[in-house]
Structures are given as structure tokens and as C-alpha cells.
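Asks: Output the structure for:
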Amino acid sequence: MRSFVQVSPLTVDQRDTIVQQAAQQHLPAMYDVRAFVDAGGLVAYGPDLATMYRRAAVYVDRIFKGAKPGDLPIEQPTKFELVINLKTAKALGLSLPQSLLLRADEVIQ
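Replies: Residues are numbered from 1 along each chain as shown. The predicted structure is shown next:
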């Protein structure tokens, strides 16, 4: 059995509990923000939030300079990150392929 946890205000607020429960159940779980992996989760793949926040600042700047918010284009994330926690993989008894580790933006030892 595997699990994917989507980000929401509730799941982010309860990330430590979610990660702890997944570990207790020996459940390999994937998340879409790195905060879960930093808390001990296995793998995260999703948009780089820091980049998205910087892009949001550009929008705020345009609005302060007089642009109408409704006239600004909707942008999709352009940078995604893959973060893997090897300590969690070992605790779950998983051996991750080297090709996956090489693709990761960060591997937490």
C-alpha cells in the first residue's frame, strides 16, 4: 500500500502527525511540498514554493503600479522540486534506485 498526501491548510498544519502515522504504519507516502519531507516524510514532488512566492511579489508590484488584477495573466508553476529523505527510506526498508536519487533536487541523509 502507498499513499499520497495533498497539501491543504489542514494537512500542512498536521504534517508532523501525518508523517508520524505513516511511519508507524510503515506506509511509504509521497507529498507535494517539501515541508513534509523535512518533517521526516519519504518523498515530495511539487512546485517550488519559494519561486512561486517570488512570482507573486511581481504581481503585487504590477498591481501597485496600476495594473488591474483581472488583466494579469494566470501563470503555471515553472519550477518543480523532488526531495527524498533517505533516512526515512531506510527506516521503511526501501531501496531507492540510483537513477531516482540522481534526479532529486535534494536528498536528505
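
Asks: Name the single longest helix found in the chain.
Replies: The helix that spans the most residues within the chain, counting by DSSP state H, is helix 49-64.

Asks: same for it, what does it pack against?
Replies: Applying 3 or more CB pairs under 8 Å, 6 or more residues apart in numbering; DSSP states H and E, one finds that helix 49-64 contacts no other helix or strand. Glycine gets a C-beta too; all of them are placed from N, C-alpha and C.

Asks: got the contact list for it?
Replies: With contact meaning CB atoms under 8 Å, 6 or more residues apart in numbering, helix 49-64 is reached by Val33, Arg34, Pro69, Leu72, Glu75, Pro77, Thr78, Lys79.

Asks: could you redo the last one with a cut-off of 10 Å?
Replies: Contact with helix 49-64 is made by 7, 33-35, 48, 67-69, 71-73, 75, 77-81, as judged by CB atoms under 10 Å, 6 or more residues apart in numbering.

Asks: Repeat that for stretch 84-91.
Replies: Contacts for stretch 84-91 (CB under 10 Å, 6+ apart): 19, 22-23, 26, 28-29, 34, 36-45, 92, 94-96, 100-101, 103-109.

Asks: same thing but 7 Å
Replies: The contact list for stretch 84-91 (CB atoms under 7 Å, 6 or more residues apart in numbering) reads Ala23, Val37, Gly40, Gly41, Leu42, Val43, Leu96, Leu101, Ala104, Val107, Ile108, Gln109.
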